[in-house]
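Peer 1: Here is my input, please return the structure:
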Amino acid sequence: MIKFFRKIRQNLLSEGKTGKYLKYAIGEIILVVIGILIALSINNWNDNQKKIKQETTHLQNVKNDLKAQIKTLDKYIDFQNLIIEDSKNIIHHYENNGGFNKMDSIYPMLNDLIVRTTFINKNISLSEIINSSEINILKNKVLKRKLLEFNQSVLTFMNTTQNNNTNLIDLLIVPTLAKNSDYATYGYTDGMKNYLEKNGGRVNISYLKNDNLKNGLNQAFNDPKLSLELMNIVIIRYELASLQKVGNETLKEQAEDILIEITEELDD
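Peer 2: Next up is the predicted model:
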């Protein structure tokens, strides 16, 4: 093709048709420019289609992770409700009985308070696109901002949960209750057992049936100093569960809001 155009130009020059040559040369330049523009347009279109496909894939993956995270958050909320209800019942029992008396129904509730959950971040796809900067592919800037804020909220809450588990539950609450309650005889409440069985947790088996042990503990529980220590622990556990519940509910609301936006984005 190049040789063909070159031959035409040479013929025009050899025939002294300078005007026609210039017109032809200009026309040839225009054709070349048009060809380049068409090629660039095709490349841009291909790149744009590739980005649209990548964006769709990323949004679908994030959507699936958000659904999984919401299910997990529902489990956490159910768990915190169990702890809150146990704590309220223990406080109510203490106030209405003038101390710790008739403990058969209370020991399992105290034992429930040693259980905790570890927050699991299900948003792997979101973390990957943020770390790889591919989140910039998203055209919806509002959605992009919400995803970044949600990711930060999840990381902050996960770290807070881990710190609370270590510093409050593991180092403060569990040692006090393990020392002063009757886990070996009573185990957990039916509600906690059902929760653990449903979510793959280990359920304890009660071995001891010792009335002397129970009677001794009942007397010890009514020591003013020990009663105060235990009530402080119960109230701390109650407040911690309440805060965790609010945090889980807030994350769930964020996730559900983003899920709606992603669904609308994918449907457009």
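Peer 1: quick one: the helices in the protein?
Peer 2: With DSSP state H, the ranges of helices along the chain come out as 2-14, 18-96, 107-112, 124-131, 141-164, 174-180, 183-186, 190-198, 211-221, 224-267.
Peer 1: between those, which one is nearest to residue 118?
Peer 2: Closest to residue 118 of those, according to C-beta to C-beta: helix 141-164, at 7.3 Å. The way it works is simple: take the backbone N, C-alpha and C, and place the C-beta from them, glycine included.
Peer 1: What angle do helix 18-96 and the closest one make with each other?
Peer 2: Helix 141-164 and helix 18-96 are oriented at 40 degrees to each other (axes from the mean of the first three to the mean of the last three C-alpha atoms, to 10 degrees).
Peer 1: Sort out which residues of helix 141-164 are buried, please.
Peer 2: 143, 144, 146, 147, 150, 151, 154, 157, 158, 161, 164 (16 or more other C-beta atoms under 10 Å).
Peer 1: Ok, stretch 224-244 next?
Peer 2: Neighbour-count burial for stretch 224-244 [16+ other C-beta under 10 Å]: 230, 231, 233, 234, 236, 237, 238, 240, 241, 244.
Peer 1: How about the contacts made by the second one?
Peer 2: Counting by C-beta atoms under 8 Å, 6 or more residues apart in numbering, residue 231 makes contact with 91, 94.
Peer 1: okay, the helices of the chain, which one's buried deepest?
Peer 2: helix 107-112 (a mean of 24; mean count of other C-beta atoms under 10 Å).
Peer 1: That one - contacts with which helices or strands?
Peer 2: If contacts are counted by 3 or more C-beta pairs under 8 Å, 6 or more residues apart in numbering; DSSP states H and E, helix 107-112 sits against helix 18-96, helix 183-186, helix 190-198.
Peer 1: Go through the ones you listed and name the closest to residue 102.
Peer 2: Once the helices and strands packed on helix 107-112 are compared by C-beta to C-beta, helix 18-96 is nearest, at 8.1 Å.
Peer 1: Also compute the angle for that closest one relative to helix 224-267, please.
Peer 2: 150 degrees.
Peer 1: would CSV of the helices of the chain with distance to residue 118 and mean pLDDT be doable?
Peer 2: Formatted as CSV, those follow (distance: least, C-beta to C-beta, whole Å; pLDDT from 0 to 100):
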stretch, distance to residue 118, mean pLDDT
helix 2-14, 69, 50
helix 18-96, 10, 83
helix 107-112, 17, 92
helix 124-131, 16, 94
helix 141-164, 7, 96
helix 174-180, 14, 87
helix 183-186, 20, 81
helix 190-198, 14, 92
helix 211-221, 30, 66
helix 224-267, 12, 94
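Peer 1: The buried residues of stretch 224-244 into CSV, with extra columns for distance to residue 109?
Peer 2: Below are these laid out as CSV (distance: C-beta to C-beta, whole Å):
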residue, distance to residue 109
230, 12
231, 13
233, 12
234, 9
236, 15
237, 11
238, 11
240, 16
241, 13
244, 18
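Peer 1: quick one: which of those is nearest residue 105?
Peer 2: residue 234 (14.5 Å).
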